[in-house]
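1. have a look at this prediction, sequence included:
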Amino acid sequence: MPGARIERVVTSGTFSLDGDTWDVENNVWIVGDDHEVVVIDAAHDARAIRATVGSRVVAAIVSTHAHDDHINAAPKLAEETDARILLHLDDRLLWKHTHPGRDPNGYVSDDQRIEVAGTELRVLHTPGHTPGAVCLYAPALGTVFTGDTLFAGGPGATGRSYSHFPTIIRSIRDRLLVLPATTQVHPGHGESTTIGAEAPYLADWIARGH
């Protein structure tokens, strides 16, 4: 059995894009054991995230995409934990909207493996919500962390800059629906679901995406 476990921290703040701002709650996912963790999407409140991490080593802060509500606490958390911030290169322009004076420490690529506590997180490039959106698939945990690509109830929003509806539908069809039906889906907002629970409802979305 893998030594890693999954923890969730829910943080509150705002999301701003294209001149509009909304109040949001974000899921921050922490994967690891008693010694080291990876933080997925450092949103809003570095203090709350740090409180859950405790004295554990943060091996990396991985951003599923660069909308401000998913990255706004990343630099502070990185400074406090000496962790590297990782992002897909295709979201570098979005990143600079929020953090114009600082670059991520590295860029992830499709099919890259990130290891933590003996468990492998596989990077799946799933553009559509943003150009550099990624999901992180942990086969040993039967879990995929989907950011804002897939939620309980359907795909992420594509009505704003840098997004594209047919592209997100292709990403879900080709990269997520091929995972085992029992795979737990842990999104960036809201409650978790499974690939099997979402697949029947996504047939209509896929048809609309052609």
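-> Arrived safely, thanks for sending.

2. run a quick neighbour tally on Ile206.
-> Residue crowding around Ile206 was assessed by other CB atoms under 10 Å; the count is 16. Any C-beta I mention is one placed from the backbone N, CA and C, and that applies to glycine too.

3. that one sits in which helix or strand?
-> Per DSSP states H and E: Ile206 is located in helix 195-208.

4. and that helix, what does it pack against?
-> strand 154-155, helix 165-171 (3 or more CB pairs under 8 Å, 6 or more residues apart in numbering; DSSP states H and E).

5. could I get the buried residue list for the following helix or strand past the longest one?
-> Heading C-terminal from helix 165-171, the first helix or strand you meet, by DSSP H and E, is strand 184-187. Neighbour-count burial for strand 184-187, counted by 16 or more other CB atoms under 10 Å, picks out Gln184, Val185, His186, Pro187.

6. can you redo these as JSON lines with pLDDT?
-> Formatted as JSON lines, these follow (pLDDT from 0 to 100):
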{"residue": "Gln184", "pLDDT": "98"}
{"residue": "Val185", "pLDDT": "98"}
{"residue": "His186", "pLDDT": "99"}
{"residue": "Pro187", "pLDDT": "98"}
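
7. would you format those residues as JSON lines with distance to Ser55 included?
-> Below are the buried residues of strand 184-187 laid out as JSON lines (distance: CB to CB, whole Å):
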{"residue": "Gln184", "distance to Ser55": "27"}
{"residue": "Val185", "distance to Ser55": "30"}
{"residue": "His186", "distance to Ser55": "24"}
{"residue": "Pro187", "distance to Ser55": "28"}
